[in-house]
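Student: no sequence on this one, just coordinates:
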């Protein structure tokens, strides 16, 4: 930010605190870290703060406009008469009567900023150490390192991600252990190689399915979204525990070649009939053809897969047929 070399000739009663600025570190273990300038507006100075944000440069070689010392935490002030902005250190702010009331806010923000900077530096240091451990491991165990590279680069939106997700995510977890500790146990090393081999075999075996899915996506086929009435065939049913006890969930293959997943209505698994003085339980089964209305949300990872909720008007003619057949047996008896 361009400022005058000093402001000693300017009346200090014309100065107003605008913001505090500091240089932080942001990023993550995968993408790396970089320096970034952060700043917070002083309450009541939002308009001046927005003006300063639009006029500041990327230069972070801040120095106090009063004493000339370099600044880690920059107190940005404005000369209200001229509209010019200046960088001032916290200690110099303390010596200015007009800015003394801002010290508690400055101290609080500076303490918070210091924690953020320390956390960023710690994360950056951990990443550097992880890079060293991973490089050393790659030299000693190139085949396993190749498996980790494969998993790291594998796209989460791959056409058959659902078939290899466990292999890939487990490999990524094992890689993080290497970055943290520098080594794996013999069983973990063997497990890593088997996961990689299995994932590649699945990819090869599903090559035809991948081509089919890609063509479907390119032709505009999508899993249902929003409130719709759909028809399909139940592919699987399973019980899933939750905080409220649990529920039956089912995967349904839809007529347009896509899939959806959600809760199976109670009527589909708690229907009983008294057949010859014995209560017989009837429930939906795999390969039953169903039609129902629900709210659908397309998966972020797979455009051919949706999650549904609040199913209504659930029609299962195969289940109805089994119940009707049982009633016929009861009548004949």
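Tutor: Ah, there it is. Keep in mind it's a predicted model, so treat the numbers as computed, not measured.

Student: residue ranges for the helices of the stretch 101-250 of the chain, please.
Tutor: For the stretch 101-250 of the chain, applying DSSP state H, counting those that start in this stretch gives helices covering 103-140, 142-153, 161-181, 186-205, 207-218.

Student: hang on, residue 45 packs against residue 17?
Tutor: Yes. Using Cβ atoms under 8 Å, residue 45 is in contact with residue 17, at 6.6 Å. C-betas here are computed from N, CA, C, even on glycine.

Student: Between these two, which has more neighbouring residues?
Tutor: Comparing residue 45 with residue 17 by other Cβ atoms under 10 Å, the one with more neighbours is residue 17, at 26 against 19.

Student: contacting residues for that one?
Tutor: Each residue near residue 17 by Cβ atoms under 8 Å, 6 or more residues apart in numbering is listed here: 42, 45, 75-77, 93, 99, 102, 106.

Student: again, only this time at 6 Å
Tutor: Neighbouring residues of residue 17 by Cβ atoms under 6 Å, 6 or more residues apart in numbering: 42, 77, 99, 102.

Student: Could you check which helix or strand contains it?
Tutor: strand 15-28 (DSSP states H and E).

Student: Quick one: mean pLDDT for the helix or strand that comes right after that strand?
Tutor: Once strand 15-28 ends, the next helix or strand along the chain (criterion: DSSP H and E) is strand 32-41. If you average the pLDDT over strand 32-41, you get 78.

Student: Partner strands of strand 32-41 and their direction?
Tutor: Each strand that pairs with strand 32-41, with its direction, by DSSP bridges: strand 15-28 (antiparallel).

Student: How far away from the center of its chain is the strand it pairs with?
Tutor: Remark: strand 15-28 is offset 26 Å from the chain centroid, using Cα atoms, centre = their mean, to the nearest Å.

Student: Going by neighbour count, list what's buried in that strand.
Tutor: For strand 15-28, the neighbour count (16 or more other Cβ atoms under 10 Å) marks 15-25 as buried.

Student: on that earlier part again, nearest to residue 310, of the helices of the stretch 101-250 of the chain?
Tutor: Nearest to residue 310 among the helices of the stretch 101-250 of the chain is helix 161-181; the distance by Cβ to Cβ comes to 23.9 Å.

Student: Let's verify the most centrally placed residue in the chain: helix, strand, or coil?
Tutor: For the chain, the residue nearest the mean C-alpha position is residue 300 (10.7 Å; Cα atoms, centre = their mean). What DSSP: H, G, I helix; E, B strand; the rest coil gives for residue 300 is coil.

Student: Next, it: phi, psi?
Tutor: Per-residue torsions, residue 300: phi -70, psi -20 (degrees, to the nearest 10).

Student: Perfect, I'm done here.
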